[in-house]
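# Have a look at this prediction, sequence included:
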Amino acid sequence: MITWLQGKVVENKRWSAELFTLSIKTEPLTFKAGQFILIGVKDGNDVIYRPYSLVNTPDASLLEVHFNTVKGGTLSPLLTDLTPGDSIQVSNRPTGLLTLEEVPDVKNLWFFATGTGVGPFISILKTSEPWHRFKKVVLCYAVKTLEDMAYIGELNEIQSTHEEQFCFIPFLTREVVTGTVNSRLTTYLESGELERKAQLVLSAKTSHTMLCGNADMINDVTQLLEQKGLCRHSRSKPGQIAIEKYY
């Protein structure tokens, strides 16, 4: 049974026509960077809910979830219409495998994200742990257009702060913009260009990877990583590929 915390919307930021970030005030919630919670809206005696990763760090005063509205969806149009002061339900049991405590001692950490799947990785990147633990951290973040690339300002700031450690590779599939890669992430990985761009070799011995976002991307990237000798990660059988599918 789900136990709900009563939350209040503080801000509903609109990045583009279909892309939003909710900032939510609740009683203190303990979680690990990279985990997700359930977000819900009351519908009579029921609660309509879905899982969303937390973008904020565990010590932040507000919870933050990044989402896109789905035409004909059950919950996302309701979230889109929320305004400051509106009530929202938040589950009190964060969970998920995309946390650094799941990562073994390796040299390099790779993040692969599409769309709103970048959320858990931003939460991790804004903490101090990755910069103490890994020689290199690579974020591959793919969207359709630059307008869809939320948090690019924060990511560029992280790049400036951790210039020697952080490699941020933004992908745009439907737009050519200086400083970004106009390609599908999977095409770039399969061709070997991704490793050349990052100046790293993706191998089971030196790398751990985390994938979040579109199911097609996750399936395709997982297959390509497996061809390189990496394998799926679970608590019962540790590996180098941790995944979380959004849609």
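That came in fine, so what should we check first? Numbers count the residues shown, from 1 in each chain.

# what's the single longest strand in this protein?
strand 4-16 (DSSP state E).

# Report all helices and strands that the helix or strand following that strand contacts.
Downstream of strand 4-16, the first helix or strand assigned by DSSP states H and E is strand 19-25. Strand 19-25 is packed against strand 4-16, strand 63-68, helix 76-80, strand 87-91, with contacts defined by 3 or more C-beta pairs under 8 Å, 6 or more residues apart in numbering; DSSP states H and E. No exception for glycine: its C-beta is placed from N, CA and C like everyone else's.

# Kindly calculate the angle that the longest one makes with strand 63-68.
Between the direction of strand 4-16 and that of strand 63-68, the angle (axes from the mean of the first three to the mean of the last three C-alpha atoms, to 10 degrees) works out to 50 degrees.

# still on that earlier bit, for the longest strand of the chain, which strands pair with it and how are they oriented?
strand 19-25 (antiparallel), strand 87-91 (antiparallel) (DSSP bridges).

# what about it, average pLDDT?
Averaging pLDDT along strand 4-16 yields 96.

# Run through who's touching it.
The contact list for strand 4-16, computed with C-beta atoms under 8 Å, 6 or more residues apart in numbering, reads 20-27, 29, 40, 47, 62-63, 79-80, 82-92, 147-148, 150.

# Buried residues, that strand. List them.
Neighbour-count burial for strand 4-16, counted by 16 or more other C-beta atoms under 10 Å, picks out 4, 5, 7, 9, 10, 12, 15.

# again, but for stretch 52-72
Buried residues in stretch 52-72, counted by 16+ other C-beta under 10 Å: 52-58, 63-69.

# Would you point out the most distant pair within these?
58 and 69 (27.2 Å; C-beta to C-beta).

# For residue 156, what is the enclosing helix or strand?
helix 152-161.

# What is the helix or strand following that helix packed up against?
Beyond helix 152-161 on the C-terminal side, the first helix or strand identified by DSSP H and E is strand 166-172. Judged by 3+ C-beta pairs under 8 Å, 6+ apart, the packing partners of strand 166-172 are strand 136-143, helix 152-161, helix 193-198.

# on contacts alone, who are the packing partners of the shortest one?
Which is helix 193-198. The criterion is 3+ C-beta pairs under 8 Å, 6+ apart, and the helices and strands that helix 193-198 contacts are strand 136-143, strand 166-172, helix 185-191.

# cutoff 10 Å now
For helix 193-198, the packing partners by 3 or more C-beta pairs under 10 Å, 6 or more residues apart in numbering; DSSP states H and E come out as strand 108-114, strand 136-143, strand 166-172, helix 185-191.

# What pairs with the longest one, parallel or antiparallel?
Strand pairing for strand 136-143, determined by DSSP bridges: strand 108-114 (parallel), strand 166-172 (parallel).

# Quick one: closest of the ones you listed to residue 121.
Of all those, strand 108-114 comes closest under C-beta to C-beta, at 4.3 Å.

# Next secondary structure element downstream of that closest one?
Assigned by DSSP H and E, the successor of strand 108-114 is helix 119-125.

# By neighbour count, which bits of the helix or strand that that following helix is followed by are buried? Give me those.
Following helix 119-125 in sequence order, the next helix or strand is helix 129-133 (DSSP H and E). Residues of helix 129-133 classed as buried: residue 130 (neighbour count, 16+ other C-beta under 10 Å).

# What backbone torsions are found at residue 212?
phi -150, psi 130 (degrees, to the nearest 10).

# which residue sits closest to it, ignoring its sequence neighbours?
residue 117 (3.7 Å; C-beta to C-beta, 6 or more residues apart in numbering).

# Please tell me how far the one you found sits from residue 141.
Residue 117 sits at a distance of 9 Å from residue 141 (criterion: C-beta to C-beta, to the nearest Å).
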